[in-house]
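J.: With the sequence up front, the predicted model follows.
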Amino acid sequence: MLKRYDSFVKAPKINEEKIFETTIMNPNLSIVVPGGCNGKCDFCFWKKSTPCGNYLEKLNNVLTKLPSQFYQLSLTGGEPTLSPHLESILNLIDKKIFKHTVLTSNGAKLIDFVSHLEGKIDHVNISRHHYKDEINDSIFKSKMLTKEELQHVANELNKVGIDVTFSAVLNENLSTQEDIHNYIQFAKECGASQIFFRKPHGTLEPTEVEKAYESYKSSEYHCPVCRTKNQLIEGIKVAWKASLEEPSKELGGTIYELIINENGDVTKDWEGQMRVDYNKINEKYDKGLYECGGDSGGSCGYDDSDRGYGGCGSSIKSGCGYEEEKPKRKKKKNKNKKKKSEDYGSCGSSISSSC
Ligand code: SF4
């Protein structure tokens, strides 16, 4: 492990006595959209479970009760576009609350949902693990979208204002600079505006192929459990990402992210074991600890950051890197008015930020 992360991870756990009450500054919220998956990836950690009878009611309750530091939302899976609940879940998203939203998909039925995503989802993160269809299919162990199909869906998403990121888990077929060059050309030809190269979960050290681009200017965000390095390579934004296996287990009582599992349970781990009473999370965060700078699971990783973890091992489990002002969900009316005028000031350049 890199030395500078050692000091974080091995530091005494903070707020043990306030377990589940304090979050980091910008925790991510992920919904594991109930349904199935057409893939069978070896690195997948998604486990199918059955939604509870009142799943949507329970989900809505969580989405409306969480404190205001939860403003980043990630939809993941399984494969969300195969879920019979996806449209209903999208309808529950209040964009005044969740300023930054990401859908992670392997593309399966993505084209059918473009109109439903408009106005609800800011970024779509498509898992694509190799530029050659046959190698990509062999990793998913399933027939996935072809280059032409990807071009079509990316174009349709762009038409409604949604940008597309391609996300690849680094593997033996994506391990040299030539591989990375070919992947970049493929992603650009398909209409992607950004690429995430994700190291398989484990440690935060860079891979050899990431190191090969050390001469490129970069900006790096990191926290105890994840790391993202952003670079501009061959004309496209590239983010190299690494994350520990289960971030929440490293962080004592501090909530780093929340996951709404398929059965409706709210947990802070991806195994669905560390349950959280979402009614008992304070509307404050542990400012002294850190803010997630890296991975965006959920929604971290875009300029403003994306994350996007979930069942899909191709997504990243951990934090994000937003720095802009959080939306205030529980303020009095007159304060909301003031915020609105700030949001829509004369400058129109405001930043918005499992598969
Ligand atoms: S990694 Fe994603 S696409 Fe692959 S099996 Fe898991 S959920 Fe499905």
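T.: Received it, and whenever you're ready, just let me know what you need.

J.: contacts, neighbours, all on C-alpha from now
T.: Will do.

J.: Remind me what the strand ranked longest in the chain packs against, helices and strands.
T.: For the chain, the longest strand by residue count, based on DSSP state E, is strand 23-32. Here strand 23-32 touches strand 72-76, strand 255-260, going by 3 or more Cα pairs under 8 Å, 6 or more residues apart in numbering; DSSP states H and E.

J.: Of the ones you listed, which is nearest the ligand?
T.: Checking the helices and strands packed on strand 23-32 against the ligand by Cα to the nearest ligand atom gives strand 72-76 as the closest, at 8.0 Å.

J.: touching the ligand at all, the closest one?
T.: No: Strand 72-76 lies apart from the ligand when judged by Cα under 6 Å from any ligand atom; the minimum separation is 8.0 Å.

J.: Make JSON lines out of the helices and strands packed on strand 23-32 and add distance to residue 125 and mean neighbour count.
T.: As requested, the helices and strands packed on strand 23-32 are exported to JSON lines (distance: least, Cα to Cα, whole Å; neighbours: other Cα atoms under 10 Å):
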{"stretch": "strand 72-76", "distance to residue 125": "10", "mean neighbour count": "31"}
{"stretch": "strand 255-260", "distance to residue 125": "18", "mean neighbour count": "27"}
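
J.: I'd like the ones you listed as JSON lines, with distance to residue 269 and mean pLDDT appended.
T.: Output for the helices and strands packed on strand 23-32, formatted as JSON lines (distance: least, Cα to Cα, whole Å; pLDDT from 0 to 100):
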{"stretch": "strand 72-76", "distance to residue 269": "14", "mean pLDDT": "96"}
{"stretch": "strand 255-260", "distance to residue 269": "7", "mean pLDDT": "89"}
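
J.: Adding distance to residue 178, write those strands out as CSV.
T.: Formatted as CSV, these follow (distance: least, Cα to Cα, whole Å):
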stretch, distance to residue 178
strand 72-76, 30
strand 255-260, 36
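
J.: Check residue 280 and give its pLDDT.
T.: pLDDT recorded at residue 280 is 87.

J.: Kindly report the same for residue 135.
T.: Model confidence at residue 135, given as pLDDT, is 97.

J.: mind starting the numbering at 87 from now?
T.: Okay, residue one is now 87; in that scheme the one you just asked about reads as residue 221.

J.: okay, the helix or strand hosting it in PDB with CA atoms only?
T.: Per DSSP states H and E: residue 221 is located in helix 219-226. In PDB, the C-alpha atoms belonging to helix 219-226 read as follows (Å, rounded to 0.1, in the frame of the first residue of the first chain):
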ATOM      1  CA  ASP A 219     -16.300  -7.400 -29.000                       C
ATOM      2  CA  GLU A 220     -15.200 -11.000 -28.700                       C
ATOM      3  CA  ILE A 221     -12.800 -10.300 -25.700                       C
ATOM      4  CA  ASN A 222     -15.400  -8.100 -24.100                       C
ATOM      5  CA  ASP A 223     -18.000 -10.800 -24.400                       C
ATOM      6  CA  SER A 224     -15.700 -13.400 -23.000                       C
ATOM      7  CA  ILE A 225     -15.100 -11.200 -19.900                       C
ATOM      8  CA  PHE A 226     -18.900 -10.700 -19.400                       C
END
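
J.: So which residues make contact with it?
T.: Residues outside helix 219-226 that contact it (Cα atoms under 8 Å, 6 or more residues apart in numbering): 125, 126, 127, 128, 214, 215, 216, 229, 230, 231, 232, 233.

J.: Going by neighbour count, which of those comes out on top?
T.: residue 214 (29 neighbours; other Cα atoms under 10 Å).

J.: Contact partners for that residue?
T.: Counting by Cα under 8 Å, 6+ apart, residue 214 has contacts 192, 222, 252, 253, 254.

J.: what about the closest residue in space to the first one that isn't next to it in sequence, distance to residue 304?
T.: With Cα to Cα, 6 or more residues apart in numbering as the measure, residue 213 is the residue that lies nearest to residue 192, at 4.8 Å, once sequence neighbours are left out. Per Cα to Cα, to the nearest Å, residue 213 is found 23 Å from residue 304.

J.: Please identify which of those two sits among more neighbours.
T.: Comparing residue 213 with residue 304 by other Cα under 10 Å, the one with more neighbours is residue 213, at 25 against 13.

J.: Show the backbone phi and psi for the more buried one.
T.: When read as degrees, to the nearest 10, the backbone of residue 213 gives phi -80, psi 120.

J.: doesn't residue 189 make contact with it?
T.: No: using Cα atoms under 8 Å, residue 213 is not in contact with residue 189, being 10.7 Å away.

J.: secondary structure class for residue 251?
T.: The local conformation at residue 251, judged by DSSP: H, G, I helix; E, B strand; the rest coil, is strand.

J.: Alright, that wraps it up for me.
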